[in-house]
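Engineer: sequence first, then the predicted structure, then my questions.
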Amino acid sequence: MAARRSYEVIAEALRQSIRTGRLSAGTVLLEGGIAELFGSSRTPVRQALDLLLDENAVSRFQGRGVVVGDGSVAPERRRLDPADIGQLPEAPAKVWAWQTVYQAVEHELVRASVFGCHRVNEVELARHYGIGRTVGHDVLVRIQATGILTKDRRAHWITVPLDDQRVRDLYALRELLEPAMLRLAATRIPAGVLLHMRNGLRDAMLVYPDAGAEQLDRLEHDLHVVCPSFAGNPELLAALTRTRCIIISSKHILHHAGALPAGDPFMREHDRVLAALQQGDGEAAAHALLVHLRNARTKVLRRLRRFRETQLPPSSPYIGPTMDDLPERAANLSSGGFDRRSEIRTAGGAESDPGRRS
């Protein structure tokens with residue numbers, strides 16, 4: 001059998017996502033966003049959308065792109081997530097240069113941020129990983145969007161300290177945003193998506209505390225990234241992205257925090273939220289999520305303190321010592337660089353792209 005062409009694979013993946021409810025009626029599909037998800041050029045995406053137009057699976061409207069369905073539902077623009085599409089074993093996505101080192105850099109920088117403010121040298125980063133400086137810059141910009149990095153007034157990259165006060169500040173922001181977004185999203189999340197999430201949660205509960213880090217990270221991503229994305233408010237979503245360093249920190253330091261406690265209730269807390277969403281009860285879901293976030297804050301603070309007590313800062317050649325050891329740089333930072341009070345004011349300005357768990 002001849003291998004299917006790229007546009008046929010993309011069309012089938014979109015078709016299945018529409019059938020299962022991952023892509024709900026009214027969702028706007030843009031060539032650029034889909035091309036990024038599939039790691040393809042725009043040409044096969046355009047061909048795939050033409051196929052779906054011929055099948056009446058999508059339709060044109062007065063705006064860029066196409067909408068899922070016949071156009072009777074108001075268009076909803078949101079950034080598509082890989083969970084909206086599913087896996088594509090027949091067509092491995094193109095691996096972009098920045099993707100080859102992103103996880104390794106993120107791992108080092110989030111660990112560094114737990115110990116304070118560090119200078120990050122873009123040139124040394126590129127040299128260390130054997131990549132071009134443009135690629136290195138792209139990696140750092142993407143990490144900046146998660147709240148791990150920022151620039152001081154001299155345009156030097158620096159880690160934003162993930163100290164106790166910042167954790168409290170970020171949770172305060174999450175407690176304001178996430179429940180409100182869940183109220184908006186409650187009637188918009190497709191039933192098939194919620195069923196898939198809850199089944200995944202129950203699979204993890206069956207093997208807990210032996211669930212793997214990747215499996216646990218998917219639970220966090222489902223509840224705290226995918227669900228809020230259905231709120232239909234891109235400004236709220238951009239602001240929430242700034243707090244993602246909390247979820248990222250859990251992913252990268254989990255194995256240093258000791259064995260998972262047998263009695264950790266975070267999975268039951270997740271289940272209460274998803275159950276309320278399945279019933280379309282936004283208020284109950286928002287309340288359950290708020291309780292979960294407040295419980296998680298205490299556990300995250302305890303875990304980060306333990307990490308600082310038992311681990312050393314990363315020794316990567318592109319990460320400098322803490323700026324507490326460099327008085328003149330620390331003074332420069334406090335006078336013109338990162339200001340924690342600006343966390344909420346600037347939360348929506350970064351360029352966008354997730355107990356034991358957060």
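Structural biologist: Great, that's in hand.

Engineer: where does pLDDT dip in this structure?
Structural biologist: Along the chain, the parts satisfying pLDDT under 70 run over 1-4, 86-95, 254-264, 324-358.

Engineer: check contacts around the nearest residue to residue 74 once chain neighbours are set aside.
Structural biologist: The shortest distance from residue 74 to any non-neighbouring residue, by CB to CB, 6 or more residues apart in numbering, is to residue 26 (5.8 Å). For glycine as for every other residue, the C-beta is placed from the backbone atoms N, C-alpha and C. Listed by CB atoms under 8 Å, 6 or more residues apart in numbering, the contact partners of residue 26 are 67-69, 73-76.

Engineer: what's the closest of the residues you listed to residue 15?
Structural biologist: The shortest gap between residue 15 and any of those belongs to residue 68, at 10.6 Å (CB to CB).

Engineer: for the closest one, what are phi and psi?
Structural biologist: Its backbone dihedrals place residue 68 at phi -70, psi 130, with angles given as degrees, to the nearest 10.

Engineer: residues in contact with the closest residue to it other than its chain neighbours?
Structural biologist: If the residues on either side of it in the chain are set aside, residue 68 comes closest to residue 27, at 4.6 Å by CB to CB, 6+ apart. Neighbour list for residue 27: 67-68, 76, 78 [criterion: CB under 8 Å, 6+ apart].

Engineer: let's have those residues in CSV, adding distance to residue 141, neighbour count and secondary structure.
Structural biologist: Supplementary listing: the contacts of residue 27 in CSV, determined by distance: CB to CB, whole Å; neighbours: other CB atoms under 10 Å; DSSP: H, G, I helix; E, B strand; the rest coil:
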residue, distance to residue 141, neighbour count, secondary structure
67, 30, 23, strand
68, 31, 23, strand
76, 27, 15, strand
78, 21, 17, coil
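
Engineer: which stretches of the stretch 51-200 of the chain form strands?
Structural biologist: Remark: strands of the stretch 51-200 of the chain, listed N- to C-terminal, are 58-60, 66-68, 118-120, 149-151, 157-159; assignment by DSSP state E, counting those that start in this stretch.

Engineer: can you add distance to residue 225 and give those back as a markdown table?
Structural biologist: As requested, the strands of the stretch 51-200 of the chain are arranged in a markdown table below (distance: least, CB to CB, whole Å):
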| stretch | distance to residue 225 |
| --- | --- |
| strand 58-60 | 25 |
| strand 66-68 | 21 |
| strand 118-120 | 25 |
| strand 149-151 | 19 |
| strand 157-159 | 22 |
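
Engineer: after the longest helix belonging to the chain, which helix or strand is next?
Structural biologist: Residue-count comparison of every helix in the chain, with assignments taken from DSSP state H, identifies helix 282-310 as the longest. Along the chain past helix 282-310, the next helix or strand (assigned with DSSP states H and E) turns out to be strand 319-322.

Engineer: before we move on, the earlier item: name the residues of the longest helix of the chain that are buried.
Structural biologist: For helix 282-310, burial by neighbour count (16 or more other CB atoms under 10 Å) applies to 282, 284-290, 292-293, 296-297, 299-300, 303-304, 307.

Engineer: please enumerate the helices of the stretch 101-250 of the chain.
Structural biologist: In the stretch 101-250 of the chain, the segments counted as helices under DSSP state H, counting those that start in this stretch are 122-129, 133-144, 164-185, 191-207, 213-221, 227-229, 234-241, 245-253.

Engineer: how far is the shortest one from where the chain is centred?
Structural biologist: With CA atoms, centre = their mean, to the nearest Å as the basis, the distance from the averaged C-alpha position of helix 227-229 to the chain average is 10 Å.

Engineer: kindly report the same for the fourth one.
Structural biologist: The gap between the average C-alpha position of helix 191-207 and the chain average comes to 19 Å, counting by CA atoms, centre = their mean.

Engineer: now it against helix 213-221, angle please.
Structural biologist: 140 degrees (axes from the mean of the first three to the mean of the last three CA atoms, to 10 degrees).

Engineer: just checking, residue 166 touches residue 172?
Structural biologist: No. With contact defined as CB atoms under 8 Å, residue 166 and residue 172 do not form a contacting pair (10.4 Å).

Engineer: those two: which has the busier surroundings?
Structural biologist: Neighbour totals were compared for residue 166 and residue 172, and residue 166 leads with 18 against 15 (other CB atoms under 10 Å).

Engineer: distance of the residue lying closest to residue 290 once chain neighbours are set aside from residue 11?
Structural biologist: Among residues not flanking residue 290 along the chain, residue 179 sits closest, at 4.9 Å (CB to CB, 6+ apart). The gap separating residue 179 from residue 11 is 37 Å, by CB to CB, to the nearest Å.
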